[in-house]
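J.: Okay, sequence plus prediction incoming.
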Amino acid sequence: MEDEIKKLNELVRDLNKTKDFFYDYIKNLKSSIHIYTHLDADGLSSGGILGKALYRARIPFQITILRQLEREEIEKIGEEVKKFNTFTIFADFGSGQCLELEKKLLHNDRLASFIVLDHHIPQDIPNKDELELLKELHERTNPWHINPYFHNIDGSTEISGAGICYYFAKCIDPGNIDLSPLAIIGAIGDIQNQGPNRSLKGINVQILEDAINAELIEVVDDLNFSSIKPLNEAIAYSTEIKLPGLTNDASKTFKFLQTLGILMENPKGEIKTLAALSRDEKQKISSAIIEYSTLKLGIEPKEIVDKLIAKKYLLKSEPVGSILHDSNEFSNLLNSCGRMENGSLGIAISMGDRKKAFREAEKNLTEYKKSILQALSWIHEKQKIQVMENIQYFFGEEVIPENIIGTIATMLIFDASGKVDKTKPIFGCAKRIKEDAYKISARAHESIVDKGVNLSEAIREASELSNVNELGGGHPPAAGTKVPVDKIDIFLKNCDIVIRRQLQNK
């Protein structure tokens with residue numbers, strides 16, 4: 001814990017330097033601040049945190065949401081900076097493109113008119129163990145470049161982009177502690193709740209303490225099912241807990257729950273959700289599932305309990321049973337906004353809109369879920385996953401657009417059905433609209449990341465071997481890039497080679 005606090009203090013010292021640099025630069029600036037952020041839940045949480053912090057500080061700003069920060073976008077931003085003399089903040093990306101930003105956005109006197117608040121492994125840094133390279137980059141890019149890896153903090157598991165933005169907002173004004181729940185939502189959106197029973201770890205725990213001390217978040221041990229779906233559906237269609245005989249059959253699950261003596265309908269005649277159950281009712285369900293799993297399926301009690309009980313982070317200011325009450329559901333809502341090209345709704349909700357934007361986002365979520373179910377059904381029914389020696393991959397064809405290819409890859413690699421081989425990373429390939437290229441989203445299960453797989457490094461190395469000159473990267477378990485159509489075959493073959501090498505070298 002002491003080591004963790006020390007690292008956090010070093011990060012905050014850096015952020016205070018960045019804050020001073022930011023204020024010094026903008027004191028005579030006549031144009032608004034331009035924030036660029038990513039379209040996923042972490043990116044939208046980051047944008048919401050920064051937007052709220054600047055709004056409170058009476059600093060004019062605008063927010064643009066990007067699917068990726070690619071060379072073409074950096075060129076456009078460079079032209080905008082020259083034309084309008086703007087100051088730019090890059091949130092939840094920018095580290096993986098830091099050398100390009102240096103090249104295109106630094107002034108002749110080496111003065112930056114931008115800052116980067118990111119948690120991804122920086123460009124041209126193979127992995128987090130390259131301490132000398134990280135130290136050199138840190139010294140050269142300070143104060144405009146903030147990254148947890150500079151302080152030996154793992155940006156893949158210990159803090160998200162929203163977490164970095166939260167600490168920057170706190171440097172601007174300690175009163176921004178009330179934005180801590182958004183940082184937790186961003187971390188969960190980036191699947192950083194991978195500790196025991198889906199708990200957070202690292203610097204995320206320090207952010208959580210802020211939220212708890214400010215009486216903004218309550219942490220509870222609860223059943224590891226959706227808190228807002230009809231209960232029988234939440235159990236039947238869980239992606240983490242498989243119960244043969246009940247899984248994928250909501251009717252049988254309904255009958256199973258009825259046998260426990262639980263009143264399944266609320267006064268409106270609707271099937272209850274998990275959030276509507278009493279503690280005693282939840283205990284009945286927990287005991288029944290453990291008994292079902294151990295006696296009928298032969299599963300060890302500890303194995304099912306580890307999966308069945310999860311930490312849930314509940315927002316105390318939101319109504320119980322609302323999508324926004326459970327931070328996991330909140331992150332799903334934000335992710336759906338970005339993936340369905342309605343990221344502005346996610347920003348508005350992050351900044352506090354609970355009226356029109358929220359209603360629109362709920363409709364958006366319904367369409368998003370339909371798209372996800374359609375895509376997953378299509379992949380399994382048509383057997384679209386192709387396998388090489390060390391990787392597996394699928395093409396979205398006309399069914400899966402690039403905005404959700406990463407979500408599908410994530411769901412496949414974390415699916416508990418056994419249909420997908422978790423010993424090989426999966427690469428989702430979606431054709432770009434009006435562009436002769438594929439968007440690549442790669443995901444690896446933590447079990448093979450622990451054995452040496454690093455997708456961020458693999459994608460960069462495979463791109464170089466394939467003569468693909470694109471900005472790619474991310475984290476060891478999740479990374480992405482763009483690949484020309486005529487080079488996709490050689491790129492995937494090189495990914496297979498690189499992954500084999502990573503596993504052999506561990």
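T.: Noted; the coordinates are in hand.
J.: so what's residue 399 up against?
T.: 374, 375, 378 (CB atoms under 8 Å, 6 or more residues apart in numbering). C-beta: built from backbone N, CA, C; applies to glycine.
J.: Type out the PyMOL command that picks the buried ones from those residues.
T.: To isolate the buried members of the contacts of residue 399 in PyMOL, using 16 or more other CB atoms under 10 Å:
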select buried, resi 375+378
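J.: Output the contacts of residue 399 in TSV, with secondary structure and distance to residue 468 appended to each entry.
T.: Shown next, in TSV, are the contacts of residue 399 (DSSP: H, G, I helix; E, B strand; the rest coil; distance: CB to CB, whole Å):
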residue	secondary structure	distance to residue 468
374	helix	30
375	helix	26
378	helix	28
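J.: What residues sit buried inside stretch 411-427?
T.: 411, 412, 413, 415, 420, 422, 424, 425, 426, 427.
J.: Also stretch 167-186?
T.: Buried, per 16+ other CB under 10 Å, within stretch 167-186: 167-172, 176-177, 179-186.
J.: got it, and stretch 427-441?
T.: Buried residues in stretch 427-441 (16+ other CB under 10 Å): 427, 428, 429, 430, 431, 432, 437, 438, 439, 440, 441.
J.: May I ask which of these comes out lowest in pLDDT?
T.: Among the buried residues of stretch 427-441, residue 432 carries the weakest pLDDT, at 91.
J.: quick one: contacts for that one?
T.: 402, 438, 439, 482.
J.: Let's see which of these end up in helices.
T.: Here DSSP state H is the test, and the contacts of residue 432 give residue 402 as lying in helices.
J.: Would you mind listing the buried residues in stretch 197-205?
T.: Buried, per 16+ other CB under 10 Å, within stretch 197-205: 197, 198, 199, 200, 201, 202, 203, 204.
J.: Just the C-alphas of it, formatted as PDB.
T.: C-alpha atoms of stretch 197-205 as PDB (Å, rounded to 0.1, in the frame of the first residue of the first chain):
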ATOM      1  CA  ASN A 197     -14.800 -11.200  -7.100                       C
ATOM      2  CA  ARG A 198     -14.600  -8.500  -9.800                       C
ATOM      3  CA  SER A 199     -12.900  -6.000  -7.500                       C
ATOM      4  CA  LEU A 200     -10.800  -3.100  -8.500                       C
ATOM      5  CA  LYS A 201      -7.100  -2.800  -7.700                       C
ATOM      6  CA  GLY A 202      -4.100  -0.500  -7.900                       C
ATOM      7  CA  ILE A 203      -4.700   3.300  -8.100                       C
ATOM      8  CA  ASN A 204      -8.400   2.600  -8.800                       C
ATOM      9  CA  VAL A 205      -8.700   1.600  -5.200                       C
END
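J.: circling back: from the buried residues of stretch 167-186, which is closest to residue 504?
T.: residue 186 (35.2 Å; CB to CB).
J.: List of residues touching whichever strand or helix holds residue 346?
T.: Assigned by DSSP states H and E, residue 346 belongs to helix 343-350. By CB under 8 Å, 6+ apart, the list of residues contacting helix 343-350 from outside reads 39, 41, 43-45, 47-49, 51-52, 63, 65, 182, 324, 333-334, 337-338, 357-358, 360-361, 364.
J.: So which of the residues you listed sit within helices?
T.: 41, 43-45, 47-49, 51-52, 182, 333-334, 337-338, 357-358, 360-361, 364.
J.: who does the lowest-mean-pLDDT helix or strand in the chain touch, helix- and strand-wise?
T.: Scoring the helices and strands of the chain by mean pLDDT, DSSP states H and E places helix 301-308 at the bottom, with a mean of 84. On a contact count with 3 or more CB pairs under 8 Å, 6 or more residues apart in numbering; DSSP states H and E, helix 301-308 meets helix 279-291.
J.: Which positions within the helix it packs on qualify as buried?
T.: Quick answer for helix 279-291 (16+ other CB under 10 Å): 281, 284, 285, 286, 289, 290.
J.: Over to stretch 68-76?
T.: 68, 69, 70, 73, 74.
J.: mind showing which ranges of this protein have poor pLDDT?
T.: 108-110, 506 (pLDDT under 70).
J.: ranges for the strands of it?
T.: Applying DSSP state E to the chain gives strands spanning 33-38, 61-66, 87-91, 114-117, 145-146, 217-223, 309-315, 386-387, 392-395, 426-431, 437-443, 473-474, 478-484.
J.: that older thread, could you dump the buried residues of stretch 411-427 to JSON lines with distance to residue 310?
T.: Below are those laid out as JSON lines (distance: CB to CB, whole Å):
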{"residue": "411", "distance to residue 310": "17"}
{"residue": "412", "distance to residue 310": "21"}
{"residue": "413", "distance to residue 310": "19"}
{"residue": "415", "distance to residue 310": "17"}
{"residue": "420", "distance to residue 310": "22"}
{"residue": "422", "distance to residue 310": "20"}
{"residue": "424", "distance to residue 310": "27"}
{"residue": "425", "distance to residue 310": "25"}
{"residue": "426", "distance to residue 310": "24"}
{"residue": "427", "distance to residue 310": "29"}
